[in-house]
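Trainee: Mind folding the following:
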Amino acid sequence: MKPTDTDNPEYFHKVVDCQYACPAHTPVPAYIRLIAQQRYTDAYLVNWESNVFPGVLGRTCDRPCEPACRRVRVEEEPVAICRLKRVAADLKDDVAEHLPKAGPTNGKKIALIGGGPSSLTVARDLAPLGYELHLYDAQDKGGGFMRSQIPSFRLPESVLDEEVGYIMNMGINAHFDTFVDSMSELLAKDYDAIFVGSGAPRGRDLPDLPGREEASANVHVGLDWLSSVAFDHTEKIGKRVIVLGGGNTAMDCCRTSRRLGGEDVKVIVRSPFADMKASPWEKEDALHEGIPIIDNHVPKEFVVEDGKLVGMTFEKVEAIYHDDGRRELVPTGEEPVFVPCDDVLIAIGQENAFPWIEPHTGINFSSRGVPMLDAKTLQSSRSEVFFGGDAAFGPKNIITAVAHGHQAAVSIDLFCQGKDLSQRPSPHVNLVSQKMGIHEWSYDSAPVDDKRVAVPLVNLENALQDRALEVELGFDAETAFIQAERCLNCDAQTVFSAGDCIECDACADICPTSCISFVENGPEDDLRSRLKVPAENLEQDIYVSDKLQTGKVLIKDEDVCLHCGLCAERCPTAAWDMQMFFYNVAKATPDLVEVE
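Mentor: Numbers count the residues shown, from 1 in each chain. You can find the predicted model right below:
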């Protein structure tokens, strides 16, 4: 193998697994260290630079960073990354003076359709550059689906108002209570560019299921129902409720039902429990609130008697998994199951809806109803129109919508300057030695044995009586410190200088995971198999040094390295050095905040 090119910023970026897994590439270890130092405002600003909504995401994020966390190399549970984000938001000081303001006008005018996370991110990134930004939304406040579909017991309105307000206060021209029903009319207003961040606003229904029309008064599409509850149009539900679906929307529906009078609430899903799309913690929260989840039941009929819904029938199935990865739900042959109910909430997915974009506008859509976009630039088939969030590629999550917003803002800025959209700005990267003395580093490198702890909850009885009462209490400062110390600082990189190495093997001897080997070079498959411990995770790189004096090379398996720094402490020639790696995805506005 050729020597690894560590000058390529993407090499070390991939090694910081948590940051690499985050769609917005938030510098996770950097803000966790700041929390450990009780620098909560700085930790918040590091978050805000990347993910825009730390207080919101600290409560609602899908947490793609946590399964990637390097902590699971040494124990079962990852660092509580998401809930530490909330700590920064809860314990920060007033950050208003640190946030950027709208810049002097540059003469360009942009329309933003939808007031959700992707549009708001575009607005925040472009406002300091002097763009005149017009945001259109049918609701009376910004936030989009964060406001209408996430229950307030998970996301308090005050938190959402604060973080949306930071952006709206940057001189955004808000057109709330305004439903955009024609792209043609919008195009006629001579905007220099248009960003569509209208989400995936249509919940899937079961229109062909027998009894659906007759039972319509008591059968509700989950997305619409949650919105109706959020805006106080719906204040109660029947005592016996069936929620159909296995995603996070279904979990929100069943938990909201418990707070609106549902005494016997059941979630019934087609798939096995383990295959449900809902996040594991969302399922845990539903079960904690006394809501059973019945899996492997396929809905067959809404049962109506004397014009009134009385229940549903289901067919029991079992999942068969084929060698090609395909799953098949096969009927067990048992008698249909009847489940009585007063109301049914259908939460089986959502889809894009663009009836307001006329065919003659030149904006093309796929057979799935999603716009045909350049995956990198998010530009549509009509050059001045861009998409992001759920409106771009279908339903995902808030952090993905934020990531789309960043990239769309870069594209819009390049487009308005007449530049090539494919020539993206490079990320901001820094790599700095952390050596302070012969065995001293400027960060805590000793892994601790503290275990992950659950976030404390309010009393269940109180929670179920008030749908506005936030269920999770969050970590206090002491607990946050203990959890922050569990971070292995995987952005502190082990940087190796082959010219200084005397091949004494001291680093290989002291390495707690045996991730360092001195071997003869060869093809990658061969090298991986000849290490002290075979490097079997092909998704993570192995580091290959330049040729050493003996003709061998040093190989380090990046997958299991704990970044403990013992190799650098033990090395007699300082061939190893611990260097802090900082990676920040380029934004349209290069430097939004400054943290010393």
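Trainee: list the contacts for Leu345?
Mentor: For Leu345, the residues meeting the contact criterion (CB atoms under 8 Å, 6 or more residues apart in numbering) are 220-222, 225, 241-244, 250, 253-254, 257. Using the backbone N, CA and C atoms, a C-beta is placed for each residue, glycine as well.
Trainee: quick check: mean pLDDT across the lengthiest strand in the chain?
Mentor: Taking DSSP state E as the assignment, the strand of the chain that covers the most residues is strand 308-321. The pLDDT scores in strand 308-321 average 97.
Trainee: Show me what it pairs with in its sheet, parallel or antiparallel.
Mentor: Listed by DSSP bridges, the sheet partners of strand 308-321 and their directions read strand 297-305 (antiparallel), strand 327-331 (antiparallel), strand 337-340 (antiparallel).
Trainee: most packed of these?
Mentor: Mean neighbour counts were compared across the strands paired with strand 308-321 using mean count of other CB atoms under 10 Å; the top stretch is strand 297-305, at a mean of 18.
Trainee: Excluding chain neighbours, give the residue nearest to Tyr20 in space.
Mentor: Lys14 (5.2 Å; CB to CB, 6 or more residues apart in numbering).
Trainee: pretty sure that neighbour is in a strand, no?
Mentor: No. Secondary structure of Lys14, determined by DSSP: H, G, I helix; E, B strand; the rest coil: helix, with no strand assignment.
Trainee: Neighbours of it, how many?
Mentor: A count of neighbours around Lys14, defined by other CB atoms under 10 Å, yields 17.
Trainee: again, but for Ser529
Mentor: Here the neighbour count serves as a burial measure; for Ser529 (other CB under 10 Å) it reads 11.
Trainee: Pull up the gap between it and Leu548, please.
Mentor: Distance, Ser529 to Leu548, using CB to CB, to the nearest Å: 20 Å.
Trainee: now swap in Leu206 and tell me
Mentor: Distance of Leu206 to Leu548, computed by CB to CB: 66 Å.
Trainee: just Pro67 next, same as before
Mentor: The span separating Pro67 from Leu548 equals 36 Å under the rule CB to CB.
Trainee: Same question for Asp93.
Mentor: Using CB to CB, one obtains 51 Å as the distance from Asp93 to Leu548.
Trainee: Compare these two (neighbour count), which wins?
Mentor: Leu548 (16 against 11).
Trainee: So which of the contacts of Leu345 is the closest to Ser118?
Mentor: Nearest to Ser118 out of the contacts of Leu345 is Gly222 (CB to CB; 21.8 Å).
Trainee: how many neighbours does the residue nearest to that closest one when sequence neighbours are not counted have?
Mentor: Taking CB to CB, 6+ apart, and ignoring the residues beside it in sequence, Gly222 has Ala347 as its nearest neighbour in space, at 3.3 Å. If you count neighbours by other CB under 10 Å, Ala347 ends up with 28.
Trainee: Surely Ala347 is in contact with Val219?
Mentor: No. Under the contact definition of CB atoms under 8 Å, Ala347 does not touch Val219, with a separation of 11.8 Å.
Trainee: in this protein, what spans have low per-residue confidence?
Mentor: In the predicted model of the chain, residues 438-439, 596 satisfy pLDDT under 70.
Trainee: Find the centremost residue of it, please.
Mentor: In the chain, the C-alpha closest to the average C-alpha coordinate belongs to Ile399, at a distance of 3.7 Å (CA atoms, centre = their mean).
Trainee: Packing partners of the helix or strand encompassing that one?
Mentor: Using DSSP states H and E, the secondary-structure element containing Ile399 is helix 398-416. Contacts of helix 398-416 with other secondary structure elements, assessed using 3 or more CB pairs under 8 Å, 6 or more residues apart in numbering; DSSP states H and E, are made with helix 54-60, helix 117-126, strand 193-196, strand 385-387.
Trainee: Could you rerun that using 10 Å?
Mentor: In terms of contact count using 3 or more CB pairs under 10 Å, 6 or more residues apart in numbering; DSSP states H and E, helix 398-416 is assigned the packing partners helix 40-51, helix 54-60, strand 109-113, helix 117-126, helix 145-148, strand 193-196, strand 385-387, helix 390-393.
Trainee: Gly362 and Ala353, how far apart?
Mentor: The gap separating Gly362 from Ala353 is 19 Å, by CB to CB.
Trainee: can you count the residues close to the residue lying closest to Pro425 once chain neighbours are set aside?
Mentor: The shortest distance from Pro425 to any residue other than its chain neighbours is 3.9 Å, reached at Ala586 (CB to CB, 6+ apart). Counted with other CB under 10 Å, the burial measure for Ala586 works out to 14 neighbours.
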